[in-house]
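> Dropping a prediction and its sequence here:
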Amino acid sequence: MNPKISSSYTLVFSAILIICHAHSSNKISSPGDFLRDLNGTRKGDNAKGLIELKKYLAYLGYINYDNYPANSIHVNDDFFDDVVESGVKEYQNFFKLRLTGFLDQETVNLMSKPRCGMPDNLYNFSPGHGKVHRSISARYRLVRAWPRDKRNLTFSYSLDVTAAAKVPMVAALLKWSEISPFRFIITHVYDDGDMKIGFKSRDHGDGHPFDGKGGILAHAFYPPDGRVHFDADEIWAAEVRPGTMDIYTVALHEAGHILGLGHSDDPNAVMYPHIDYGQARKPFGQDDINGIRALYPNN
């Protein structure tokens, strides 16, 4: 499926869009759908849509029912149990919201915003992710670095990446090259890229289906996997426009993931996971700079 892209650019560059990865195979609905009637829901409630909330929280690393075998009877129902309350609190804590433990308006509003599909909390996931490092004072998260002898990264993209998307994509990579030790080099052989980029829709075979317009925007896999997918059902724009998702802004964020950075809870950071339609994020926050330098010191 070809992505829908709104653009006034005609100049073609070689480029990449690097998007983030969510670590649950459960299909989820867009938060705007299932959260609509859940405002005010709390522990002990039964409400239609809570099963989707559980999938959403698991998708982003806030709950893992495998850690609570006594609660396993509620994995696939609409009951707001202790596990959900704990996950909501974890979400609220990450984003510095009031720790109410229920779906108050502030929490619902933030959950409803489009975002990166990379989990915020990787502590619930150990296989394949490596150790997550975070200092007490820092807001950035370090997940996994490229090897020390790997500072030239090749990228390739599938045929569904259109010319209109390439200008802002390459601009995002060039920005990261200014504050990191990496050079980005195109290869025209798709399978040869350290990073392989494509637009995908719904269930696209990697175990992490997209949810259509809204909700999860994209995902990627940490070094050294390099597969990069973003949701073809979004309306992507090569410049900031109301009602569209800005390619440069999302690419800038997701390039940070492909280099090994996790999410930041600093709303001024490029690595903050939520972004609104028609919004552009200014690079880089000090947290982004501190994070990439901590991940790749002495380079």
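Right, received. Where do you want to start?
> Contacts only, for the spatially most central residue of the chain.
For the chain, the residue nearest the mean C-alpha position is C116 (2.4 Å; Cα atoms, centre = their mean). By Cβ atoms under 8 Å, 6 or more residues apart in numbering, the contact set of C116 is 19-20, 216-219, 250, 253-254, 257, 263, 273-275. (Each C-beta comes from the backbone N, C-alpha and C, glycine too.)
> Kindly recompute the last result at 7 Å.
C20, L217, A218, H253, E254, P273 (Cβ atoms under 7 Å, 6 or more residues apart in numbering).
> give me the number of residues near the last one?
Right, the one you point to is P273. 25 (other Cβ atoms under 10 Å).
> Equivalent analysis for the second one, please.
Residues within reach of L217, counting by other Cβ under 10 Å, total 26.
> begin at 19 from here
All set: I'll call the first residue 19, so the last point we hit is now L235.
> That one and M136, how far apart?
For L235, the distance to M136 equals 10 Å [Cβ to Cβ, to the nearest Å].
> what do you get for the fourth one?
Using Cβ to Cβ, H271 is found at 9 Å from M136.
> got it, and the third one?
Between A236 and M136 the distance is 9 Å, computed by Cβ to Cβ.
> one step back: could the contacts of C134 go into JSON lines alongside secondary structure?
Putting those into JSON lines (DSSP: H, G, I helix; E, B strand; the rest coil) gives the following:
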{"residue": "C38", "secondary structure": "coil"}
{"residue": "L235", "secondary structure": "coil"}
{"residue": "A236", "secondary structure": "strand"}
{"residue": "H271", "secondary structure": "helix"}
{"residue": "E272", "secondary structure": "helix"}
{"residue": "P291", "secondary structure": "coil"}
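> Out of the residues you listed, the closest to E108 would be?
Distance to E108, by Cβ to Cβ, is smallest for P291 among the contacts of C134, at 14.0 Å.
> where's the closest one relative to R54, distance?
21 Å.
> Walking through this structure, point out its strands one by one.
22-24, 170-175, 201-204, 213-218, 236-238, 245-249, 253-255, 263-264 (DSSP state E).
> Next, count neighbours for D251.
20.
> What does it show for phi and psi?
phi -80, psi -10 (degrees, to the nearest 10).
> so what's P241 closest to, chain neighbours aside?
W164 (4.7 Å; Cβ to Cβ, 6 or more residues apart in numbering).
> so how far is stretch 262-282 off the chain centroid?
8 Å (Cα atoms, centre = their mean, to the nearest Å).
> swap that for stretch 292-310, please
For stretch 292-310, the distance to the chain centre is 13 Å (Cα atoms, centre = their mean).
> With stretch 55-62 instead?
Using Cα atoms, centre = their mean, the offset of stretch 55-62 from its chain centre is 26 Å.
> same question, stretch 301-315
Worked out by Cα atoms, centre = their mean, stretch 301-315 lies 18 Å from the chain centre.
> again, but for stretch 256-269
With Cα atoms, centre = their mean, you get 15 Å for stretch 256-269.
> And that stretch, end to end?
11 Å (Cα to Cα, to the nearest Å).
> likewise stretch 209-222?
End-to-end for stretch 209-222, by Cα to Cα: 17 Å.
> Return the set of buried residues in it.
G211, D212, M213, K214, I215, G216, F217, K218, S219, H222 (16 or more other Cβ atoms under 10 Å).
> Okay, helices next: where are they in the stretch 69-218 of the chain?
Per DSSP state H, counting those that start in this stretch, the stretch 69-218 of the chain carries helices over the ranges 100-112, 123-129, 181-197.
> Redo those helices as a markdown table? Include distance to T172 and mean pLDDT.
Supplementary listing: the helices of the stretch 69-218 of the chain in a markdown table, determined by distance: least, Cβ to Cβ, whole Å; pLDDT from 0 to 100:
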| stretch | distance to T172 | mean pLDDT |
| --- | --- | --- |
| helix 100-112 | 34 | 97 |
| helix 123-129 | 37 | 96 |
| helix 181-197 | 12 | 88 |
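> Good, wrapping up.
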